[in-house]
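Student: here is a sequence together with a model predicted from it:
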Amino acid sequence: MSSSQHLTTELRQWITAQLRNGITREALYQAMLSSGWQADLARQALEEQSEEAPPSVSLSLPALQEPQVAIPAGSLPEPDLGDGRSVLLPDGHRVQVLTTLQRPRVVVFGGLLTEEECDAVVAAGRVRLARSETVAAQKEGSEVNAARTSEGMFFERGENEVVQRIEARIAALLRWPLRNGEGLQVLRYRVGAEYQPHYDYFDPRHASSKAILERGGQRVATLVMYLNTPTRGGATVFPDVKLDVMAQKGNAVFFSYDRPEPGTLTLHGGAPVLEGEKWVATKWLREGEFI
Ligand SMILES: O=C(O)CCC(=O)C(=O)O
Ligand SMILES: [Fe+2]
């Protein structure tokens, strides 16, 4: 993010109100990072308020509304790797930075999700996959896309506690507003299943893209989180640069694209699973608020 963010009176009042209502400083700090605040600005804002806002015990907690912080034009989701750190603490949880590539922009994270978080997402996703299988089986002439032989489901944004926690962590890690994110998608690949190389952005020339783009603009970045470790196969591959990221439970691969064009070198796919299953959760980030 550029340094164009600043503390307006409105934002100061919002912070005061949250603190008065008993929101802890830590929760508020995380919420501010999640909504795209620069960390130093968020700290400064909270420090300024430290004397002014004795918490009131009698009020119930209102829903925490993210302040609208404009994202500077042309910026992209990006972790804060500025000083060469290899461990990040987006929400107090330790995330390792394992590998980075400049072009295409790719960052591989270790331990983004805990084992328990992975298992919880798989468990919640599994029952919904099962349901969509039955529907698909009954539907005559439903189209099977040979390029994508996985099965999938979407969570609503903030749908349950674990999804909320993961989304807040991603927003803080990638410094991108939570509300610019699509709901988490879960995919299961069985042996032989794959996702052939593709781009995640919407092709502006396609007629179908118009309606999609009205719901939050282009996708600008992808985070694929591995929910289990397939026995063999299932890497996320980037053919343009011959990069393979192996699927390891809890790890994740992030990549961003500043324009909907192949020149971003973000062609990628899920290689066929050779043994075992592969489960991933994908978070796509939009340029605007996804509604
Ligand atoms: O399964 C993978 O490794 C890639 C998934 C993917 O490309 C997507 O969900 O858009
Ligand atoms: Fe993709």
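Tutor: That came through, no problem. Ligands and ions are numbered 1, 2, ... in the order given.
Student: name the residue of the stretch 101-250 of the chain that lies nearest to ligand 1.
Tutor: Nearest residue of the stretch 101-250 of the chain to ligand 1: residue 236, at 3.4 Å (C-beta to the nearest ligand atom). Quick note: C-beta positions are derived from backbone N, CA and C, even for glycine.
Student: which residues are in contact with residue 252?
Tutor: Residues in contact with residue 252 (C-beta atoms under 8 Å, 6 or more residues apart in numbering) are 108, 109, 112, 113, 223, 224, 225, 226.
Student: hmm, back to that, count of residues packed around the residue of the stretch 101-250 of the chain closest to ligand 1?
Tutor: A count of nearby residues for residue 236, using other C-beta atoms under 10 Å, gives 24.
Student: do I have it right that it meets residue 245?
Tutor: Yes: counting by C-beta atoms under 8 Å, residue 245 is a contact partner of residue 236 at 4.6 Å.
Student: list the residues that contact both of those two?
Tutor: In contact with both residue 236 and residue 245: residue 253, using C-beta under 8 Å, 6+ apart.
Student: thinking again about what came up before, among the contacts of residue 252, which ones are in strands?
Tutor: Counting by DSSP state E, the members of the contacts of residue 252 that fall within strands are 108, 109, 223, 224, 225, 226.
Student: residue 170: what secondary structure?
Tutor: Assigned by DSSP: H, G, I helix; E, B strand; the rest coil, the conformation of residue 170 is helix.
Student: need the residues of the chain near ligand 1, please.
Tutor: Residues of the chain found near ligand 1 (C-beta under 6 Å from any ligand atom) are 187, 195, 200, 224, 236, 268, 270, 280, 282.
Student: got a pLDDT number for the residue of the stretch 101-250 of the chain closest to ligand 1?
Tutor: Per-residue pLDDT puts residue 236 at 98.
Student: next, the contact list for it, please.
Tutor: Contacts of residue 236 by C-beta under 8 Å, 6+ apart are 224, 244, 245, 247, 253, 268, 269, 270, 271.
Student: thinking again about what came up before, tell me which two of the contacts of residue 252 sit farthest apart.
Tutor: 108 and 113 (13.7 Å; C-beta to C-beta).
Student: ok, the two, which is more surrounded?
Tutor: More crowded of residue 108 and residue 113, by other C-beta under 10 Å: residue 113, with 26 against 21.
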